[in-house]
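>>> compute the structure for the input listed below.
(chains A and B)
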Protein chains: 2
Amino acid sequence: MDFLPVPEINRNLSHPDEGSLQKEKSINSPLIGTGGKKREMNIMNHATDFSKLHASDLLPARDGEKWTEQFLLAVVDVLLNYIKKTFDGKSKVLDFHYPHQLLEGLEGFNLELSDQPESLEQILVDCRDTLKYGVKTGHPCFFNQLSSGLDIVGLAGEWLTATANTNMFTFEIAPVFIIMEEIILKKMYKIVGWGESEADGIFCPGGSISNLYSLLVARYKYFPEVKTKGMMALPNIVLFVSEHSHYSLEKASAVLGIGTDNVIAVKCDERGKMIPSDLEAKILEARKEGHFPLYVCATAGTTVYGAFDPLAEVADICEKYGLWMHVDAAWGGGLLMSKKHSFKLCGIERANSITWNPHKMMGVPLQCSTILIQEKGLLYACNQLSAGYLFQPDKQYDVAYDTGDKTIQCGRHVDIFKLWLIWKAKGTCGFELQINKCLDLAQYLYRNLKTRENFQLVLDAEPEHTNVCFWYIPQSLQKIQNKTELSRKLHQVAPKIKSQLMEEGTTMVSYQPYGDKVNFFRMVLSNPATKKSDIDFLIEEIERLGKDL
Amino acid sequence: MDFLPVPEINRNLSHPDEGSLQKEKSINSPLIGTGGKKREMNIMNHATDFSKLHASDLLPARDGEKWTEQFLLAVVDVLLNYIKKTFDGKSKVLDFHYPHQLLEGLEGFNLELSDQPESLEQILVDCRDTLKYGVKTGHPCFFNQLSSGLDIVGLAGEWLTATANTNMFTFEIAPVFIIMEEIILKKMYKIVGWGESEADGIFCPGGSISNLYSLLVARYKYFPEVKTKGMMALPNIVLFVSEHSHYSLEKASAVLGIGTDNVIAVKCDERGKMIPSDLEAKILEARKEGHFPLYVCATAGTTVYGAFDPLAEVADICEKYGLWMHVDAAWGGGLLMSKKHSFKLCGIERANSITWNPHKMMGVPLQCSTILIQEKGLLYACNQLSAGYLFQPDKQYDVAYDTGDKTIQCGRHVDIFKLWLIWKAKGTCGFELQINKCLDLAQYLYRNLKTRENFQLVLDAEPEHTNVCFWYIPQSLQKIQNKTELSRKLHQVAPKIKSQLMEEGTTMVSYQPYGDKVNFFRMVLSNPATKKSDIDFLIEEIERLGKDL
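This is a model prediction of the structure:
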């Protein structure tokens, strides 16, 4: 069942050491040859000669059924091989190449398109190469983003979704998926602490769009005339976000015609949590200046520190001054699935709207993001335009199930099925298990780093989420007395190590400067495949590559 | 290789008649049993007992590799079975059920979620049932939406995309896909008639979002201060769209804080084409009233009639008065791939921005939509916020390839690979062939309907796109003299027939009222699997179900 095996680097997970880390050998198997001309393949042990077949031989071609099956199975073989490597700690996370290298074409992998069709054999090779030169985001040592891992049931769900190839705008063409969305949203309202028949929500393309929805609906709630008359009819509205909130709120303000100047930053404490007294002071200040305070975004799980804002206190203030309360729980929402950790979101039930991305902490494949709105009917009232050619009122079924007019999109991708299928397969308790595990690992990393001389934690406090932020300080920097020089040099350490990690392809972790802090590593965990040994490996890799800097 | 075969209705495509159309027999194969308890399965001819396996047995579980492979192959078996049925003209397009039936649960298919995990056998049955109760959008007789068909290479592309499970925001984690996007966008600029190194663009979630981008960028071009100061800093901007334009322009105006009242409708001729003299008059009128005319959206392929606005004349007017010209070619853009039909978009090269959805006429799986902007740099300037934790400037590669800050999203789904793979597999000429074929079929339908007494065409003119709009007029209505009564009765005909078509599951076609016209059928063709006999079948189905109304 193997498809053009690629030599792997030899990495021993339990005892990683420099010696076992070697550059991957030349990838070009003798079977591939050069220039995509002559190739032999051994897919699924059958004798199909894909070099003589083309897309035009596949369905709907007459007699296309057999070739379609053979071709798709050959593709699946490529994918299975990749999946195995993804979970194999001994494989590389990526095989780094620069943009110009990919543009110029790597041996046998030419990204340019031509007027004439390529053979299906070439298509299969292209599939394999696309994966080969990509990044294994499901690898146990991929720590670069908030979303990582490769959930097998979720993957099956995505394959099915692609095969169904339909659209969420009407019940008519997506009956099962529309009902699944309703069922899951109700489940989420309940978990959040809302009455399931009173709330509303929608799956949409990513957390930034979810946050945009929250601001759009809030504005409509206070000023429904904005829909027809625009911002000209409104007073000067302002909104409040913490210094550590996600940049999408600013982006949404620019898009919505509110303007980024009207996004007021609220101070955070040293852990990155919004300071309620500063929020209140800023609201009063804005009022005094004649602005209309409309909306507060509290964050449950900030991007860099993983901080949880004090939701109950923020809710008190929003109530007191009549502001819309949004909780951006894109990253932290997953913790609601855990009896052990859900207390960190206490007060979320008082929010008017919530962003929660199952594609992050719940490990659902990309994309899967929700906006939940406590007041039913608002989403529809805010967005509906009743285009007669899509949303006919005279259908045989209850057209309330035609959810398309609740959205700012027209066509909407089916993001629900993979989540539904994972939920079926794991049960609510399955999410809890994997989330608790990731949080335990974060604690393990934190405690481990605390004991190491060359590492310094950005926050000396047990992590609330899986974010662990730290500097690596090479020996040579430890002697530097001049603070400016130290900062300047320390700022360069993380990018240098990261670039080296990527070129060797052994692991990926994010870094950034933040506020007055120079570049530091931000470790996040959301992949159930990650083990303690992978975390040890990351630490040792950073030491290996950083010690002589 | 068969997986729980489902009895099919017996439909003879070449000579369809009432007798051969029977309600599908009870679906519950004896193999499935009831209540999801006891089942036998025969997947891939292996002996894996999925009833004893759970998601927790799959990777990353120790020894999970074998079960992962077996499970995914079993899923693929379900999918292959569905794909075969999709292309089999004898199968039904859908197996209609009402929302309450799906909510209550059909035999063996319970959509509710539980706390505890289900077996993988149940998951496989759920996959099969999800497809069974859905709609086969790739069926040769599915004519309901602008996007239809199931491109096998595109499907393979989606399966791979799901397996890669990455995100378009940075080159770092999507190197190959980012380069593919650049290559394809350049190809599209060239096809449109722009210099490939001067233009800009992005793939985004659907045509409505593409149209929103065009308005967002246009507003920024004229008033860059809007980004920071909001709409308050601007004069009263207005935009112009034709009466037949897509509703997403109004939606975008509501979202952007411009307001739907500031969207001015330009009159169309009887074919649905914007009347340039009316556009000019409306611009002058708006100026006189103190508004700022900002933007015109011309449509290349309207949703209902498939009309092409006179782009060159619109461009002249935009140039004369200094307005941004957008072309919504979501539906018509595909015709640019055809030497025979591309003249219909003549003048598109003068547009400032273009929406073009490869997921419609080019047959790419959902979603695949672009916004193209003629002026390079605008998209980035309009949207960038330079969040340091995602877009670090100190990387080892050229960070211009981190496209995330050009968008209004943060995470962005990989929509490029399926298009790239199809393009490789078919070549540019492959798109041309399939598009020409669809247009030929539309002409065939039009000419066919013209000869039939019971059908009346909404437009008595050869179709420019694949839209063919018509009424079916049952015998009983042909005698009615009173126009009001005739209208009232005719208005009910299409919904009744459509509802019957869906309940029998034989074909799906859209209908709507439009302007002063009562409900009529809108036929559209974009599926390369459709043949003349499928079109004949649609006509005969409508006659069969409508003749006694």
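
>>> can you classify the residue at minimal distance from the centre of chain A as helix, strand or coil?
For chain A, the residue sitting closest to the mean C-alpha position, by CA atoms, centre = their mean, is residue A:147 at 3.8 Å. Following DSSP: H, G, I helix; E, B strand; the rest coil, we place residue A:147 in the coil state.

>>> pretty sure residue A:56 sits in a helix.
Yes - under three-state DSSP, residue A:56 sits within a helix.

>>> ok, it to chain B distance?
7 Å (CB to the nearest CB, to the nearest Å). In this view, the C-beta of every residue, glycine as well, is placed from N, C-alpha and C.

>>> hmm, that residue is touching residue B:430, no?
Yes - contact criterion CB atoms under 8 Å: residue A:56 and residue B:430 qualify, at 7.3 Å.

>>> before we move on, back to that, show me what contacts the residue nearest to the centre of chain A?
Counting by CB atoms under 8 Å, 6 or more residues apart in numbering or on different chains, residue A:147 touches A:137, A:357, A:359-360, A:366, A:526, B:167, B:411.

>>> per-residue pLDDT, it?
Listed pLDDT for residue A:147 reads 96.

>>> repeat that for residue A:35.
36.

>>> remind me, longest helix of chain A?
Identified as the longest helix of chain A according to DSSP state H is helix A:416-450.

>>> in it, what counts as buried?
For helix A:416-450, burial by neighbour count (16 or more other CB atoms under 10 Å in any protein chain shown) applies to A:416-427, A:430-432, A:434-436, A:438-439, A:441-442, A:445-446, A:449.

>>> which element follows that helix toward the C-terminus?
Where DSSP states H and E defines the elements, the next helix or strand beyond helix A:416-450 is strand A:455-457.

>>> quick one: that following strand to chain centroid distance?
Mean-position distance between strand A:455-457 and its chain equals 26 Å (CA atoms, centre = their mean, to the nearest Å).

>>> give me the helices and strands touching it, please.
Judged by 3 or more CB pairs under 8 Å, 6 or more residues apart in numbering or on different chains; DSSP states H and E, the packing partners of strand A:455-457 are helix A:416-450, strand A:468-472.

>>> distance to chain B added to the ones you listed, as CSV?
Output for the helices and strands packed on strand A:455-457, formatted as CSV (distance: least, CB to the nearest CB, whole Å):
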stretch, distance to chain B
helix A:416-450, 4
strand A:468-472, 10
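
>>> want to throw these into JSON lines with distance to residue A:342 and mean pLDDT?
Output for the helices and strands packed on strand A:455-457, formatted as JSON lines (distance: least, CB to CB, whole Å; pLDDT from 0 to 100):
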{"stretch": "helix A:416-450", "distance to residue A:342": "9", "mean pLDDT": "98"}
{"stretch": "strand A:468-472", "distance to residue A:342": "21", "mean pLDDT": "98"}
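
>>> which one of the ones you listed lies nearest to residue B:159?
helix A:416-450 (12.9 Å; CB to CB).

>>> and the angle from that closest one to strand A:468-472?
Helix A:416-450 runs at 50 degrees relative to strand A:468-472, counting by axes from the mean of the first three to the mean of the last three CA atoms, to 10 degrees.

>>> show me where pLDDT drops low in chain A?
Where chain A drops to pLDDT under 70, the residues are A:1-46.

>>> get me the contact residues on the stretch 401-549 of chain A for chain B.
With CB under 8 Å from any CB of the partner chain as the criterion, the stretch 401-549 of chain A meets chain B at residues A:401, A:408-414, A:417, A:420-430, A:492, A:495, A:499, A:502-503, A:508, A:510-514, A:519, A:522, A:528-529.

>>> next up, the contacts around the residue lying closest to residue A:223 once chain neighbours are set aside.
In space, residue A:223 comes closest to residue A:234 once its chain neighbours are excluded; the distance is 5.1 Å by CB to CB, 6 or more residues apart in numbering or on different chains. Applying CB under 8 Å, 6+ apart, we find residue A:234 in contact with A:219, A:223, A:225-226, A:292.

>>> closest to chain B among those residues?
Ranked by distance to chain B (CB to the nearest CB), the contacts of residue A:234 are led by residue A:226 at 6.5 Å.

>>> how far away is the closest one from residue B:173?
Residue A:226 is 37 Å from residue B:173, where distance means CB to CB, to the nearest Å.

>>> in space, what's closest to residue A:529 - neighbours in sequence excluded?
Among residues not flanking residue A:529 along the chain, residue B:60 sits closest, at 3.6 Å (CB to CB, 6+ apart).

>>> you'd agree the one you found is in a strand?
No - under three-state DSSP, residue B:60 sits outside any strand and is assigned coil.

>>> that one and residue A:88 touch, don't they?
No - Residue B:60 is beyond contact range of residue A:88, at 10.1 Å (criterion: CB under 8 Å).

>>> sounds good, over and out.
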